[in-house]
Each structure stands twice: as structure tokens, then as C-alpha cells.
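**Student:** need coordinates for the below:
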Amino acid sequence: MKLTKDAAFSLLTEGLSDPLSIGYVTHSKHVGDLACLIAGELGLDAERAAEGFYPELFGKKENLKNA
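**Tutor:** This is a model prediction of the structure:
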């Protein structure tokens, strides 16, 4: 299964329903958005950058004490 930018962002925003998750969700979104911006400026694939950085903290979603 290929994780697309939209699919990664969708998985990321599932955490917004939990008030404890808002911090890691917004952090991951900012990191993904910044990765897209930097990749675009460098002439790289911005979509691929977001695919890698939106899910940056997925593991933290399961254990919010580590977030």
C-alpha cells in the first residue's frame, strides 16, 4: 500500500477528536508543511516530502505520555 500525502494527512487529523492529541497533530502538520516548502524550493517532490513527514509522530498517538 502506498501512503499518499492525502492519506497521511487524513490519518493524522483523526487525532484531532482527542484534546490530548492536538499538540502532536499540529506539530506533525507543521513539520509536513515545512518539508513540502523546503522540498519545493530545492526542486524536489513536495508530495513525497509530506508523505514522509505528516506521519512523523504516528507512534506517539498510541502512547500520549511520550508525546
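**Student:** residue contacts, the residue most central in space within the chain?
**Tutor:** In the chain, the residue lying closest to the centroid (CA atoms, centre = their mean) is Tyr54, at 1.6 Å. Taking CB atoms under 8 Å, 6 or more residues apart in numbering, we find Tyr54 in contact with 5, 8-9, 11-12, 28-29, 31-32. Where you see a C-beta, it was placed from the backbone N, CA and C, and this is true even at glycine.
**Student:** switch the cut-off to 10 Å
**Tutor:** Contacts for Tyr54 (CB atoms under 10 Å, 6 or more residues apart in numbering) come out as 3, 5-13, 25, 28-29, 31-33, 35-36.
**Student:** now swap in Gly52 and tell me
**Tutor:** Taking CB under 10 Å, 6+ apart as the criterion, Gly52 is in contact with 3, 5, 8, 31-32, 35, 39.
**Student:** before we move on, back to that, which of the contacts of Tyr54 fall within strands?
**Tutor:** Among these, DSSP state E puts none in strands.
**Student:** buried subset of these, written for PyMOL?
**Tutor:** Here is the PyMOL command that selects the buried residues among those (16 or more other CB atoms under 10 Å):
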select buried, resi 5+8+9+12+25+28+29+31+32+33+35+36
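**Student:** what number of residues lie near Leu42?
**Tutor:** The number of residues packed near Leu42 is 10, by other CB atoms under 10 Å.
**Student:** do I have it right that it meets Arg48?
**Tutor:** No: using CB atoms under 10 Å as the test, Leu42 is too far from Arg48 to be in contact (12.0 Å).
**Student:** pLDDT on stretch 46-55, on average?
**Tutor:** The average pLDDT for stretch 46-55 rounds to 79.
**Student:** and it, what's buried?
**Tutor:** Judged by neighbour count (16+ other CB under 10 Å), stretch 46-55 contains these buried residues: 46, 49-51, 53-55.
**Student:** what about the residue of the chain positioned farthest from its centre, which SS state?
**Tutor:** Relative to the C-alpha centroid of the chain, counting by CA atoms, centre = their mean, Gly43 is the outermost residue, at 20.7 Å. At Gly43, secondary structure determined by DSSP: H, G, I helix; E, B strand; the rest coil is coil.
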